[in-house]
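[1] Just to be clear, the model below is a prediction. Sequence and coordinates:
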Amino acid sequence: MNDLLIVKDLKKKFTKKGSRGTKEITQVADGISFEIKQGETLVLAGESGSGKTSIARLILGVLEPDSGEIIFDGVKITNDQNSLKKIRLGCQMIHQDPYASINPRMTVLDTVKEPLEIHQKGNKDERTSYALQALGQVKLEPVEEIARKYPHMLSGGQRQRVAIARAIVTNPKLVIADEPVSMLDVSVRIGILELIKELQQKHGISFLYITHDLSTAGYIGHRIAILYSGQIVETGPIRDVLATPFHPYTQALLDSISNPDPDNLHREKEIRIKEQTKSAQQGCRFRERCPYAIEKCMQEPKLENVSKERQVACFVKIN
Ligand SMILES: Nc1ncnc2c1ncn2[C@@H]1O[C@H](COP(=O)(O)OP(=O)(O)OP(=O)(O)O)[C@@H](O)[C@H]1O
C-alpha cells in the first residue's frame, strides 16, 4: 500500500506574552514524522494540550509550520493555492462537537451539500443526489425526511452522522476525526465508531483518528502514535502497543482508561505519574512526571526501532 500522507520532521511553536513581559513558548510540533497508508487508520493519541489538534490544522494548511514537510497524495503542501486546494478537497475533518460544527440555521441537506458547492462539484441536481447518498452511507434514514430537518431536531449522535456525511460527500481520501465521540453519550459512541470503521473498510478512506482515549483507539485503529508535548514518544501496530507499551507515558494513558478493553485486563503493570506539570524543555520532556526517570533522561531520547514495526523514544523501556 502506498503512503497517502507523509509528515516529515514537522515543527511549530506558538509564542505568546506571559505575565511580566516574559515570553511563553508552546511547541505543539517538535519534529513530528509519520505516514498514513491508503485505507489505513492511524490513531494520534495524547492528553489535552499535547498538540493533537494543532497537528491536524498543520496538515490542512490552516496553520503554517515553522519547518518540515507535508506530502499528501504525492503533492507537497505549501501555502501555494494549488496545493491547498488539493489537501482541502482530498482531506476532510470531523470535529469533536457536533453542536458547534454544524450551522443551526441550515437544513441537513444544505449542510451536507455545502462542501460540494464550495468545491464546485456537480450541478444542482447532482449535488442533491450526492448529499442524499452520503446521508444513506452514514445510515441516517429515512434519508429524504432527515434531509429536510434542522440540527435542533436531531440527537447528538445523529448530528455527528450529519458531520460525517458532510465530510465524506466530496469522496475524500483522508478524513481527520478529532475526538469524534468524546462529546457523545456513551450509548451512541460505539455506533459512530462502527460507522467510521465501515467507511474505512468499504470505501478505503484513510483516517487520522485523534483522541486522548485509548479504549476507543484500540477499537478503531491499525497503528498508533503516542504524542507527548509535541513529540511522538511511541508508535507501532495498535494491538502490540496497547498490549505491551514500552513508554511509561503510554502505560499511564492505558491506566487512565476507566473501562479497559477486556483483552488488556491481564496487564500487571500500573504506573502512577505525577500531575501534569510544565514539560521539561530539554532531555526527555516526560521525565519530571516519570516514576522511572534516570540520570540519562536529561539527554533527549530519539525515536528508535525496538522491532521492525515499533519505535519508542525512551531510555528505560518498561516492557
Ligand atoms: N493559535 C494558538 N496560539 C497560541 N497557543 C496555541 C494556539 N493553538 C493552540 N495553542 C496551544 O498549544 C497547545 C496544544 O493545543 P492543541 O489544541 O493542539 O492540543 P490538543 O492535544 O489537541 O488538546 P485538546 O485535546 O485539549 O484539544 C495548548 O497549550 C494550546 O493552548
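    The structure has been received and is ready for your questions.

[2] Between the two ends of stretch 32-43, what distance do you get?
    Criterion Cα to Cα, to the nearest Å; first-to-last residue distance in stretch 32-43 is 14 Å.

[3] what's the answer for stretch 196-211, then?
    Using Cα to Cα, the two ends of stretch 196-211 sit 14 Å apart.

[4] Can you point out the buried residues in that stretch?
    Residues 196, 199, 200, 205, 206, 207, 208, 209, 210, 211 are the ones in stretch 196-211 that count as buried (16 or more other Cβ atoms under 10 Å). For every residue, glycine as well, the C-beta is placed using N, CA and C.

[5] So residue 112 belongs to a helix, correct?
    Yes. The assignment for residue 112 by DSSP: H, G, I helix; E, B strand; the rest coil puts it in a helix.

[6] The residue of the stretch 201-319 of the chain found nearest the ligand: neighbour count?
    Proximity of the stretch 201-319 of the chain to the ligand (Cβ to the nearest ligand atom) peaks at residue 212, 5.9 Å away. Residues near residue 212, counting by other Cβ atoms under 10 Å, number 18.

[7] Check residue 66 too.
    12.

[8] contacting residues for the closest residue to it other than its chain neighbours?
    Setting aside the residues directly before and after it, residue 66 is nearest to residue 11 in space (Cβ to Cβ, 6 or more residues apart in numbering), at 4.8 Å. By Cβ atoms under 8 Å, 6 or more residues apart in numbering, the contact list for residue 11 reads 27, 29, 30, 31, 32, 65, 66, 67, 68.

[9] which of the residues you listed are buried?
    27, 29, 30, 31, 32, 65, 68.

[10] Across the sheet, point out what pairs with the third one.
    When bridges are taken as DSSP bridges, the partners of residue 30 come out as residue 11.

[11] Would you confirm that it contacts residue 232?
    No. Counting by Cβ atoms under 8 Å, residue 30 stays clear of residue 232, with 9.4 Å between them.

[12] CA atoms of stretch 55-63 as CSV?
    Backbone C-alpha positions of stretch 55-63 (Å, rounded to 0.1, in the frame of the first residue of the first chain) are rendered in CSV as follows:
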residue,chain,number,x,y,z
ILE,A,55,-1.1,18.9,14.0
ALA,A,56,-4.4,18.4,12.3
ARG,A,57,-4.5,22.1,11.5
LEU,A,58,-1.0,22.0,10.1
ILE,A,59,-1.9,19.1,7.8
LEU,A,60,-4.9,21.0,6.5
GLY,A,61,-2.8,24.1,5.8
VAL,A,62,-4.8,26.2,8.3
LEU,A,63,-1.6,26.7,10.3
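
[13] Start the count at 51 instead of 1 going forward.
    All set: I'll call the first residue 51, so the last point we hit is now stretch 105-113.

[14] Give the buried residues for it.
    With the criterion 16+ other Cβ under 10 Å, stretch 105-113 contains buried residues 105, 106, 107, 108, 109, 110, 111, 113.

[15] so how far is the helix or strand residue 243 falls within from its chain's centroid?
    Here residue 243 sits within helix 236-253, counting by DSSP states H and E. Put simply, helix 236-253 sits 15 Å off its chain's centre (Cα atoms, centre = their mean, to the nearest Å).

[16] separation between residue 174 and residue 66?
    To residue 66, residue 174 is 46 Å away according to Cβ to Cβ, to the nearest Å.

[17] Where do the helices of this structure begin and end?
    102-109, 131-140, 158-168, 174-187, 193-197, 206-218, 236-253, 264-270, 288-293, 298-305 (DSSP state H).

[18] Mean pLDDT lowest where, among the ones you listed?
    When those are compared by mean pLDDT, helix 264-270 comes last with a mean of 88.

[19] So for residue 171, what's the nearest residue that isn't a sequence neighbour?
    Nearest residue to residue 171 in three dimensions, chain neighbours excluded: residue 220, at 6.3 Å (Cβ to Cβ, 6+ apart).

[20] what sits against that neighbour?
    139, 142, 165, 166, 169, 171.

[21] I'd like those laid out as CSV, including distance to the ligand and neighbour count.
    What follows is the contacts of residue 220, written out as CSV (distance: Cβ to the nearest ligand atom, whole Å; neighbours: other Cβ atoms under 10 Å):
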residue, distance to the ligand, neighbour count
139, 24, 16
142, 18, 23
165, 23, 22
166, 29, 20
169, 26, 13
171, 30, 16
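
[22] any chance of those in JSON lines, with distance to residue 296 too?
    As requested, the contacts of residue 220 are exported to JSON lines (distance: Cβ to Cβ, whole Å):
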{"residue": "139", "distance to residue 296": "38"}
{"residue": "142", "distance to residue 296": "33"}
{"residue": "165", "distance to residue 296": "41"}
{"residue": "166", "distance to residue 296": "45"}
{"residue": "169", "distance to residue 296": "43"}
{"residue": "171", "distance to residue 296": "45"}
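
[23] And for stretch 355-365, what's in contact with it?
    Residues from elsewhere that reach stretch 355-365 (Cβ under 8 Å, 6+ apart): 281-287, 290-291, 296-298, 334, 344, 346-347, 349, 351-354, 367.
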